[in-house]
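**Q** all I have is the shape, not the residue letters:
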């Protein structure tokens, strides 16, 4: 591998890493949830790019279709449905315990990061990722594994999605018109009885 | 090429950001987005570790199932947000206190 290629690969990683961190930061500090969803989208796109760099072409495509195409759109749909109510008024109540929790988590995360940094080899030239077979991460290789070793979890995940469809409809639907009018009739009958 | 530790480090940074957002934000929508960030960080670590072994796709398969489970989690989570909004007219997690007292 010649030096130019090496530099391009490193620039690709660093640019995507910085964009991903910026997107994540934007998501957690955004006052307006739509901006948060855009930050999330930015992070998801950069992670799809990193998947490509890691020879996971199939997962990069899945990442774009499922996250960018479905999950972010679902978030935007709910934010639009709630309208201005999706951005509640800012207030300071109960702020301190939250920030203590956040600071503790940040401390634990920084501890984990320092462990990772200690594990980074000083001389990276000898420890680069080795070459992989040409079909590594392709739909062919991945699908063969998915439908042989991963067949049971694959079928179970389809059952999970089925349950989720029913559950989401049942939870989000609320009371139907019929139920409400029926309940109203009940109260009217009870009031008349009194 | 980049050593795998750099990817793991990026994954740790993203996971920490997601955790901070999850613990400090009160808007349920932003909380759900923070969970997304954390699960994406986990996927990145799984795929990066899988890259070090060219003979198996186990890490990528794990990431695949995490993506499926996460889509399910978001669908149910947003349904609960809508349901909460219908009852309390708010999306703030600290006002979802119907079980208090």
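**A** Nice, I can see it. None of these values were measured; they are calculated from a predicted model.
**Q** what's the domain layout of chain A?
**A** By the record's domain assignment, chain A is partitioned as A:3-128, A:150-194 (automatic domain parsing).
**Q** how far off centre is the longest one?
**A** For domain A:3-128, the distance between its averaged C-alpha position and the chain's averaged C-alpha position is 9 Å (Cα atoms, centre = their mean, to the nearest Å).
**Q** could you give the average pLDDT over that domain?
**A** Mean pLDDT, domain A:3-128: 85.
**Q** could you give the number of residues near residue 72?
**A** Going with chain A. By the criterion of other Cβ atoms under 10 Å in any protein chain shown, residue A:72 has 20 neighbours. For glycine as for every other residue, the C-beta is placed from the backbone atoms N, C-alpha and C.
**Q** you answered for a different chain; I wanted chain B.
**A** 19.
**Q** for it, which non-adjacent residue is closest in space?
**A** Nearest residue to residue B:72, sequence neighbours excluded (Cβ to Cβ, 6 or more residues apart in numbering or on different chains): residue A:164, at 4.1 Å.
**Q** and that neighbour, how far from residue A:88?
**A** Distance, residue A:164 to residue A:88, by Cβ to Cβ, to the nearest Å: 27 Å.
**Q** and if you look at residue A:170?
**A** Residue A:170 is 26 Å from residue A:88, by Cβ to Cβ.
**Q** tell me who's in contact with the most centrally placed residue in chain A.
**A** Nearest residue to the geometric centre of chain A (Cα atoms, centre = their mean): residue A:67, 6.6 Å. If you count contacts by Cβ atoms under 8 Å, 6 or more residues apart in numbering or on different chains, residue A:67 has them with A:44, A:48, B:36, B:40, B:67.
**Q** anything in the host helix or strand of the fourth one near chain A?
**A** This points to residue B:40. Secondary structure assignment for residue B:40, by DSSP states H and E: helix B:28-51. Yes: contact check for helix B:28-51 against chain A, using Cβ under 8 Å from any Cβ of the partner chain: residues in range are B:29-30, B:32-34, B:36-37, B:40, B:43-44, B:47-48, B:50-51.
**Q** measure residue B:71 to residue A:157 for me?
**A** 10 Å.
**Q** what's the end-to-end length of stretch A:59-68?
**A** This stretch, stretch A:59-68, spans 13 Å end to end (Cα to Cα, to the nearest Å).
**Q** list the buried residues in that stretch.
**A** Within stretch A:59-68, the residues scored as buried using 16 or more other Cβ atoms under 10 Å in any protein chain shown are A:59-60, A:62-63, A:66-68.
**Q** surely the residue nearest to residue B:72 touches residue B:69?
**A** No: if you go by Cβ atoms under 8 Å, residue A:164 and residue B:69 don't touch, sitting 9.4 Å apart.
**Q** which one's more surrounded, those two?
**A** residue A:164 (19 against 15).
**Q** determine the set of other helices and strands touching the helix or strand hosting that one.
**A** Taking DSSP H and E as the criterion, residue A:164 maps to helix A:151-173. For helix A:151-173, the elements it packs on are helix B:58-88, judged by 3 or more Cβ pairs under 8 Å, 6 or more residues apart in numbering or on different chains; DSSP states H and E.
**Q** and the helix it packs on, how far out from the chain middle?
**A** 9 Å.
**Q** could you give the average pLDDT over it?
**A** Helix B:58-88 comes out at a mean pLDDT of 90.
**Q** report the two of the contacts of residue A:67 separated the most.
**A** A:48 and B:36 (13.6 Å; Cβ to Cβ).
**Q** neighbour-wise, which of those two wins?
**A** Using other Cβ under 10 Å, the more surrounded residue of residue A:48 and residue B:36 is residue B:36, with 25 against 21.
**Q** where is the longest helix in chain A?
**A** helix A:3-29 (DSSP state H).
**Q** can it be said to contact chain B?
**A** Yes: contact of helix A:3-29 with chain B (Cβ under 8 Å from any Cβ) involves A:6, A:9-10, A:13, A:17, A:20-21, A:24-25, A:27-28.
**Q** okay then, goodbye and thanks.
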